[in-house]
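1. this one's sequence-less:
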């Protein structure tokens, strides 16, 4: 069932809560093939899953005699009805009824459409900047609206299949990088979303995957169909469950920016009929990239050259074609993303490794990147190596929650390089001393001993543990060189920013990742000093050549 697409009309019951429907209303609904509860429904019935499964809509009537009763009803039933994909009709009679409703709807954060402009403004701040929210939502009508228009609204926006309460869901425990297991416990709304998304299935097996910046639960899903034409096992899917706002934002990115521009075989595509929303949470379901590996695995084995070339030459080419030059410098356009603080222990570790400058001093150096124009266009926004899946020579991009429009193309290249540095050396011995880390940093120095695109793209010693990383960086910077204009060291600023963002995140990660993040701080300092410092004294802090 798609989030905003035509829905299958298999739920035909309409009920008024605690009162019989008006004769005129009953007639217009029955003319449209709805079944109307003549006596109305009770609170107990609205808590019954079987009753809700056949219900298309509930009419909440706000009376002049008891104008606050409707708010109590919404508090009890509102979210659960939306989680079942039931339509809520708010039929208001009092003069100030909309104001009373808006306050409660805002408190409950129930998505709503149709409120008068003044009351709607209080909701739009959190549910959507403009226009109606995506279905399902509560729809407000005042008493002047004829019942046939309300019936037409329900007929034009039918509910999708009800949750399949007998769906057997099995979830594997989450296993972190240290091998520790943690049980996954889903919220009740999340369970209902899964039962709606896989209503045609009898069994669903979920395997947790690492989430991205969107902070949602991500799974590989293997389902068994109840009546599949070609057997019970369809292709596996990826499933993301998270807040309604974040899930719908990513859904829109897929619909508007991924499907039309990313080649079909180089990006996962949504299974729209399985994507759905509830009151507070949402779920998107798409193609799972089978028989692939992350770019981390591919790169550390020295097999990344063709994948990185495919990433920038084919996968993201549809976005890059529309890039244009803008007169906003890197420092001006990205200053809001510059980190404001760093954990004291992380900074202390960076200083032990050789860092000398504070975050505020690095910010002042970053501000010196004034070169224009900057080549800007659509970017992924979170292009770390785990979001690039490699299958044969293809680079398949996933997780588009952070997609941005009109951003420097250099940001994607910088994010990829920074992620390979911080997360790509996961096999470093946890017992490494500070001296061992310093030797590793020294092996990286040819890449960070000056402004990055002014350095030669030489080759590292094949015996070095950093040999694969040098190969990746050479490849990435070939593309970054195409996107930098005016010799203004724009990539140096973008890369330093990406490294600093890595350095200031996740304050309590264990070793050796903590030292790798401290190293990112050190290397960002070296880049900014080499590229934007004004005196020879500052240049003396550069790393020694390998």
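-> The structure has been received and is ready for your questions. What you see is a predicted model; the values in this text were computed from it and never measured.
2. what residues are up against residue 441?
-> Residue 441 makes contact with 353, 354, 519, 522, 523, 543, according to Cβ atoms under 8 Å, 6 or more residues apart in numbering. (C-beta placed from N, C-alpha, C; glycine too.)
3. From residue 15, how far off is the residue nearest to the spatial centre of the chain?
-> Taking Cα atoms, centre = their mean, the centroid of the chain lies closest to residue 401, which sits 3.0 Å from it. Residue 401 sits at a distance of 38 Å from residue 15 (criterion: Cβ to Cβ, to the nearest Å).
4. What backbone torsions are found at the closest residue to residue 346 other than its chain neighbours?
-> Take residue 346 and drop its neighbours on the chain: the residue closest to it by Cβ to Cβ, 6 or more residues apart in numbering is residue 518, 5.7 Å away. As for residue 518, its main-chain torsions (degrees, to the nearest 10) stand at phi -60, psi -40.
5. from what I can see residue 518 touches residue 502, true?
-> No. At 10.2 Å, residue 518 does not count as touching residue 502 under the criterion of Cβ atoms under 8 Å.
6. mind listing what's buried in stretch 317-328?
-> By neighbour count, with 16 or more other Cβ atoms under 10 Å as the criterion, the buried positions of stretch 317-328 are 318, 319, 320, 323, 326.
7. Now do the same for residue 117: its pLDDT.
-> For residue 117, the model assigns a pLDDT of 83.
8. if I look at the nearest residue to residue 387 once chain neighbours are set aside, how far off is residue 238?
-> Spatial nearest neighbour of residue 387, excluding adjacent residues (Cβ to Cβ, 6+ apart): residue 399 at 4.8 Å. Relative to residue 238, residue 399 is positioned 9 Å away (Cβ to Cβ).
9. re the thing from before, which among the contacts of residue 441 end up buried?
-> Using 16+ other Cβ under 10 Å as the threshold, 353, 519, 522, 523, 543 are the buried ones among the contacts of residue 441.
10. Closest to residue 455 out of those?
-> For the buried ones among the contacts of residue 441, the minimum distance to residue 455 (Cβ to Cβ) is 11.7 Å, reached by residue 543.
11. for the stretch 101-250 of the chain, what spans make up the strands?
-> Remark: strands assigned in the stretch 101-250 of the chain by DSSP state E, counting those that start in this stretch are 112-113, 138-142, 168-171, 174-175, 181-182, 201-209, 217-225, 237-243.
12. Would you mind pulling up the elements that the last one packs against?
-> What that stands for is strand 237-243. Applying 3 or more Cβ pairs under 8 Å, 6 or more residues apart in numbering; DSSP states H and E, one finds that strand 237-243 makes contact with helix 188-197, strand 217-225, helix 244-253, strand 281-287.
13. List the buried residues for the third one?
-> Burial within helix 244-253, assessed by neighbour count using 16+ other Cβ under 10 Å, is assigned to 244, 245, 246, 247, 248, 249, 250, 251, 253.
14. The residue lying closest to the first one once chain neighbours are set aside: neighbour count?
-> When the adjacent residues along the chain are set aside, residue 244 lies closest to residue 282, with 4.6 Å between them (Cβ to Cβ, 6+ apart). The tally of other residues near residue 282 (other Cβ atoms under 10 Å) stands at 27.
15. Show me what residue 282 bridges to in the sheet.
-> Applying DSSP bridges to residue 282 gives these bridge partners: residue 242, residue 277.
16. wait, isn't it in contact with residue 239?
-> No. With contacts defined as Cβ under 8 Å, residue 282 does not count as touching residue 239, sitting 11.2 Å away.
17. Strands of the stretch 251-400 of the chain, start to end?
-> Using DSSP E, counting those that start in this stretch, strands in the stretch 251-400 of the chain cover 276-277, 281-287, 293-294, 324-326, 374-379, 388-391, 394-397.
18. neighbouring strands for the third one, and are they parallel or not?
-> I take that to be strand 293-294. Those paired with strand 293-294 in the sheet (DSSP bridges) are strand 388-391 (antiparallel).
19. which of the residues in the strand it pairs with are buried?
-> Of the residues in strand 388-391, those with enough neighbours to count as buried (16+ other Cβ under 10 Å) are 388, 389, 390, 391.
20. from the chain's centre, how far out does that strand sit?
-> A distance of 19 Å separates the centroid of the chain from that of strand 388-391, by Cα atoms, centre = their mean, to the nearest Å.
21. Quick one: residues in contact with that strand.
-> Here strand 388-391 makes contact (Cβ under 8 Å, 6+ apart) with 289, 291-295, 297-298, 303-304, 307, 311, 395-398, 416.
22. shaky segments in the stretch 351-500 of the chain?
-> 427-430, 456-458, 486 (pLDDT under 70).
23. ok so, going back, wait, isn't the residue nearest to residue 387 in contact with residue 384?
-> No. Shown here, residue 399 and residue 384 do not form a contact pair, counting by Cβ under 8 Å, at 9.1 Å.
24. quick one, which of these two is more surrounded?
-> Set side by side, residue 399 and residue 384 show more neighbours around residue 399, with 26 against 23, by other Cβ under 10 Å.
25. Can you tell me how far that one is from residue 250?
-> Shown here: residue 399 relative to residue 250, a distance of 8 Å by Cβ to Cβ.
26. Can you pull the domain assignment for the protein?
-> If you go by automatic domain parsing, the domain ranges for the chain are 13-156, 168-287, 293-539.
27. gap between the second one and the chain center?
-> Read that as domain 168-287. Mean-position distance between domain 168-287 and its chain equals 12 Å (Cα atoms, centre = their mean).
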